[in-house]
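1. Sequence below, structure please.
(2 chains)
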Amino acid sequence: MFQNMLNSIDPYSMQILVNIGIGIILALGLNIITGLTGQLSLGHAAFMSVGAFAGALLTIKTGVPFYINILLSGLITAVVAAAIGWPILRLTGDYLAICTLGFAEIVKVVFLNLEITNKALGLTVPTPDTSLPMPLIVLIVVCLTIIASAFIQNSRFGRALKAIRDDEIAAESMGINIARYKVQSFAVSAFMAGTGGCLYAHFLGYINPSDFGFLKSIDMLSMVVLGGLGSIPGTIFGASILSAAPEFLRFMSQYRMLVYGALLVFMMVFRPNGLMGGIDFTSFVLRKLGVKPRGVSRSKEVQ
Amino acid sequence: MFLQQLINGVALGSTYALIALGYTMVYGIITLINFAHGEIFMVGAFVGLLMVGYFKLNLFLAMAIAMIFCMVMGVVIEYIAYRPLRKSSRLSALISAIGVSIFLSSLAMMVFGANAKGFPSEAFPSHQIHIGNADISTLQLLIIGVSALLMLALEFIVQKTKIGKAMRATSEDYNTAALMGINVNFVISFTFALGSALAAAGGVLVGVLFNSVSFNMGLMAGLKAFAAAVLGGIGSIPGAMLGGLLLGVAEVFGVAIGYSSYRDAIAFAILVLVLLFRPTGLLGQKIQKKV
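-> Residues are numbered from 1 along each chain as shown, chains lettered A, B, ... in the order given. Okay, the predicted model is just below:
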């Protein structure tokens, strides 16, 4: 049944859809550290590349089943992120941002010089042998990532992260271990970036360290900010638009990036909080369905 | 050998410092990482190239025209892309800056093509001077001299003039400065103009030094200059100069001892190491956060 459904979509649209899916996974990952915890990361592409190379090497060298491979490359990325995050997350604000940027450049240059990653030539990744078609796997991972993000946002862990974002000093005085939570959110964020990278590597079939440069990190950040920082529907929306935009702008070929840059500026000028920022999606849907949001009735009782 | 590499490093570093100054001044006043700054540097290099190559102007005149052009461009960019966002979150302004950066580099690619262009060799007839066992080209001395002159001029403007005083007041406290009757909008425009002029001068100098101007030269130079600004302590003008020189020298020595393939990582590795031990950069003030 799935096979029929997938076959009815032409390969070009399918590629755009898969790109959107991978974009959503990456953006949701970045949303956890930047949107929820409020720590600006300008080097998230590095984690994507760690995941991509880990996944590719696992497939080439060991041939573990693909499903385990996705998990493993996510885990490897999370461990790397925790190791990097432990020292640098003491920095605040823009010093942290430039540090993540620096690490991303270092990771890129190291991968460009390592023998095992085939230096500047990049790796060709064989198509994994799976029972499910690749686009379906991406879809499943996207759904899992969305569910996980929603759970994280509403959990004790997520509330602690939001407290850190809103006021570090207040959060610390409420007994939240800032350093630990920051490293944990960094690791969770990198885990998602790693799985996204692994899927990217296997879907595309070829990876090169230069693909994961500063511009890739910026792409991911634009998705999160454009959709609305900290909002899951917003991030999904932003990731979909920005992943698809270069394809839809293709008809103007050489003016494509020009228009893309101008669009970013104008979208920010007219919707500074992101396209869906400031809209509480859950209560919006509930209100449309005719259910009163809980918060409303409660505040009336107080009055 | 040592002297030779030192001069190479100082020449490269002073161009980094020129760009870093623009980052640090803008950051000091409106806490915005102006990612379009690297592209202004690139546009400056192209304007200089156009003036020298097409209009056959003298290099210094070309540099002056590039500086004026970029001054205007910096002010216009601030007016269109950053001013409407001054009250909103800093990340929105950052994305807007990235949008400007993408726009400018793709515009340059369309106008000037994707290939790197070189300055004509008669732009600055450089010859070698022997000091001890070092070969130093007059071009390098020119770069060091021009950068030093520009930095002295900047220091004079910031420390001794009325507008410089207004700039310092605005970076100290934006709201209080506005209440004291300082026209903050003008100060911010002026800061952008100053920073862009310095970046344009840096662009022309780098273009002549490497004899190559291309549409994507702004990205890496901008990132390294930003790293230099943070290394020195972002918001601090002497810090940006020190950071730029340090990174330039470190990069040249790193390449000289055989790490040329790691060239782009050297600057960032130093940055990360320094920040681990001095989290606010070399000359940055430690900001005590109050509840």
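2. start to end distance for stretch A:154-173?
-> 21 Å (C-alpha to C-alpha, to the nearest Å).
3. which residues are contacting that stretch?
-> Residues outside stretch A:154-173 that contact it (C-beta atoms under 8 Å, 6 or more residues apart in numbering or on different chains) are A:32, A:36-38, A:92, A:151-152, A:174, A:176, A:178, A:181-182, A:184-185, A:230, B:289, B:291. In this view, the C-beta of every residue, glycine as well, is placed from N, C-alpha and C.
4. which parts of that stretch are buried?
-> Going by neighbour count (16 or more other C-beta atoms under 10 Å in any protein chain shown), the buried part of stretch A:154-173 is A:F157, A:G158, A:A160, A:L161, A:K162, A:A163, A:I164, A:R165, A:E168, A:A171.
5. burial count for A:L249?
-> Using other C-beta atoms under 10 Å in any protein chain shown, the number of residues around A:L249 comes to 16.
6. and it, what is it in contact with?
-> So A:L249 contacts A:Y255, A:R256, A:V259, A:Y260 (C-beta under 8 Å, 6+ apart).
7. Dump those to JSON lines, plus neighbour count and secondary structure.
-> Converted to JSON lines, those look like this (neighbours: other C-beta atoms under 10 Å in any protein chain shown; DSSP: H, G, I helix; E, B strand; the rest coil):
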{"residue": "A:Y255", "neighbour count": "14", "secondary structure": "helix"}
{"residue": "A:R256", "neighbour count": "17", "secondary structure": "helix"}
{"residue": "A:V259", "neighbour count": "16", "secondary structure": "helix"}
{"residue": "A:Y260", "neighbour count": "18", "secondary structure": "helix"}
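8. could you give me the average pLDDT of the helix or strand hosting B:V146?
-> Using DSSP states H and E, B:V146 maps to helix B:138-160. Helix B:138-160 shows a mean pLDDT of 91.
9. Now do A:R180: how many residues are near it, please.
-> Considering only other C-beta under 10 Å, A:R180 is surrounded by 12 other residues.
10. Tell me the secondary structure at the spatially closest residue to A:E247 that is not a sequence neighbour.
-> Closest residue to A:E247 apart from its sequence neighbours, by C-beta to C-beta, 6 or more residues apart in numbering or on different chains: A:I16 at 5.2 Å. Secondary structure, DSSP: H, G, I helix; E, B strand; the rest coil: A:I16 is helix.
11. Quick check: B:S105 is in a strand.
-> No: secondary structure of B:S105 (three-state DSSP): helix, not part of a strand.
12. List the contacts of it.
-> A:M257, B:E39, B:M42, B:F215, B:N216, B:G218, B:L219.
13. wait, the fourth one sits on B:N115?
-> No: in this structure, B:F215 sits apart from B:N115 without contact. The criterion is C-beta atoms under 8 Å, and the distance is 9.2 Å.
14. Who has more neighbours out of the two?
-> B:F215 (24 against 9).
15. quick one: the longest helix anywhere in chain B to helix B:138-160, angle?
-> Identified as the longest helix of chain B according to DSSP state H is helix B:2-30. Angle, helix B:2-30 to helix B:138-160, by axes from the mean of the first three to the mean of the last three C-alpha atoms, to 10 degrees: 30 degrees.
16. and the angle for the following helix or strand past helix B:2-30 with helix B:2-30?
-> Downstream of helix B:2-30, the next assigned helix or strand under DSSP H and E is helix B:37-53. Note on geometry: by the same axes, to 10 degrees, helix B:37-53 and helix B:2-30 are set 120 degrees apart in direction.
17. Would helix B:37-53 count as contacting chain A?
-> No: for helix B:37-53, no contact with chain A is found by C-beta under 8 Å from any C-beta of the partner chain; the gap never falls below 9.9 Å.
18. Quick check: which helices or strands does that helix pack against?
-> helix B:2-30, helix B:59-77, helix B:90-112, helix B:184-210, helix B:217-232 (3 or more C-beta pairs under 8 Å, 6 or more residues apart in numbering or on different chains; DSSP states H and E).
19. Name the nearest of the contacts of A:L249 relative to B:A123.
-> A:Y255 (32.2 Å; C-beta to C-beta).
20. For residue 101, which residues are in contact?
-> You didn't say which chain, so I picked chain A. A:L42, A:G43, A:F214, A:S217, B:L223, B:F226, B:A227, B:F268.
21. meant chain B, my bad for not saying
-> B:S101 sits in contact with A:G261, B:F35, B:A36, B:G38, B:E39, B:G218, B:L219, B:G222, where contact means C-beta under 8 Å, 6+ apart.
22. By neighbour count, which of the residues you listed wins?
-> B:E39 (32 neighbours).
23. per-residue confidence for it?
-> The per-residue confidence score, pLDDT, reads 94 for B:E39.
24. With adjacent residues omitted, what lies nearest to it?
-> Counting by C-beta to C-beta, 6+ apart, the residue nearest B:E39 is B:L104, at 3.8 Å.
25. and the one you found, what is it in contact with?
-> With C-beta under 8 Å, 6+ apart, B:L104 has these contacts: A:G261, B:A36, B:E39, B:I40, B:M42, B:V43, B:G218.
26. Now render the contacts of B:S105 as TSV, adding distance to A:L289.
-> Formatted as TSV, those follow (distance: C-beta to C-beta, whole Å):
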residue	distance to A:L289
A:M257	42
B:E39	48
B:M42	52
B:F215	51
B:N216	50
B:G218	50
B:L219	48
